[in-house]
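>>> Quick one: sequence plus predicted model below, questions after.
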Amino acid sequence: MDKLTKATHEHKINLWTERIRSCRGSGIPAAKWCEENGINIKTYYYWMRKIKREAFDTISSEQVPAIRNNSLPVFSKVELVGGNNTEPAMITISINGVNIDINNGASETLIQNTLRAVRTIC
């Protein structure tokens, strides 16, 4: 990848990372946030997947086999963020330096698929 292409790519990643953070921090559903900000919802989810994939790819190739072989200790932490005492606004699952945020209102299917994916790397 030449320098210009790499710079353009990094700019887009940074732009979309900020947009996704803004959407998640807004407290409104992604579809409504995208509509209010003139963003196609499919484009939003495309960039979300792309950023997650790149983040996963940055885990060093040495760590992934070690995690799969359980040769590294695995620490899992579930943290309640916001909300009230009975219903958190979001949970963060931290596993070996990888954070997974699940917002309140996430579908049961999304949560199951996320946990299944986590199980494949641990």
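Cool, got the structure. Numbers count the residues shown, from 1 in each chain.

>>> Flag the helix or strand of this structure with the lowest per-element mean pLDDT.
Lowest on mean pLDDT, DSSP states H and E among the helices and strands of the chain sits helix 63-68, with a mean of 53.

>>> Which residues belonging to the lengthiest helix in the chain are considered buried?
If you go by DSSP state H, the chain has its longest helix at helix 3-26. Counting neighbours by 16 or more other CB atoms under 10 Å, one finds that the buried residues in helix 3-26 are 16, 19-20, 23. Any C-beta I mention is one placed from the backbone N, CA and C, and that applies to glycine too.

>>> So which of those is the closest to Lys6?
Checking the buried residues of helix 3-26 against Lys6 by CB to CB gives Trp16 as the nearest, at 15.9 Å.

>>> Which parts of this structure belong to which domain?
1-58, 60-122 (automatic domain parsing).

>>> For Thr92, which three-state class applies?
At Thr92 the chain is in strand, as set by DSSP: H, G, I helix; E, B strand; the rest coil.

>>> tell me which element Tyr45 is part of?
helix 41-57 (DSSP states H and E).

>>> same check, this time on Ile100
strand 98-103.

>>> Can you list the buried residues in that strand?
Those would be 98, 102-103, for strand 98-103 by 16+ other CB under 10 Å.

>>> lowest-confidence stretch among the domains of the chain?
Out of the domains of the chain, domain 60-122 stands lowest, with a mean of 65 (criterion: mean pLDDT).
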